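Chemist: Fold the following, please.
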Amino acid sequence: MLLGKKGSSWFVAKMRTSIAEKLNERALIAYADKNFSSMQRSFLTDLIAGLVVDAIRWWLEQGRPYTPEQIATRVYHMIFAILKDAHTWH
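Modeler: Alright, predicted model coming up:
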């Protein structure tokens, strides 16, 4: 309910921030390019955190048309597609 259309914007923002922090902690963004500036890393972590939250929201609002494993796999592939090409965004 907190992620739904009538959910809590505070909760969504907190979830995005938490996911971005975890991405930084696990150095996931370093996978893309170790030479990124802190602003580029911040942009990527926020972008990916938003992708994760929005994918979860979409999945819930659509009535969970895929298993949790299927949606996680799709999100995983999208994240690594972004990271693969992120170095070309200069």
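
Chemist: Where is the longest helix in this structure?
Modeler: The residue-count maximum for a helix in the chain (DSSP state H) belongs to helix 38-61.

Chemist: next one: that one to chain centre, how far?
Modeler: Chain-centre distance of helix 38-61: 3 Å, with CA atoms, centre = their mean, to the nearest Å.

Chemist: which residues in this protein form strands?
Modeler: Counting by DSSP state E, the chain yields no residue ranges for strands.

Chemist: ranges for the helices of it?
Modeler: Under the criterion DSSP H, helices of the chain are mapped to 9-25, 38-61, 68-85.

Chemist: Flag every buried residue along the least confident helix or strand in the chain by mean pLDDT.
Modeler: Ranked by mean pLDDT, DSSP states H and E, the weakest helix or strand in the chain is helix 9-25, scoring a mean of 86. For helix 9-25, a neighbour-count test (16 or more other CB atoms under 10 Å) marks 12, 15-16, 19-20, 23-24 as buried. In this view, the C-beta of every residue, glycine as well, is placed from N, C-alpha and C.

Chemist: so what secondary structure elements neighbour that helix?
Modeler: With contacts defined as 3 or more CB pairs under 8 Å, 6 or more residues apart in numbering; DSSP states H and E, the packing partners of helix 9-25 are helix 38-61.

Chemist: Flag the shaky bits of the protein, pLDDT-wise.
Modeler: 1-2, 4-7, 27-35, 90 (pLDDT under 70).
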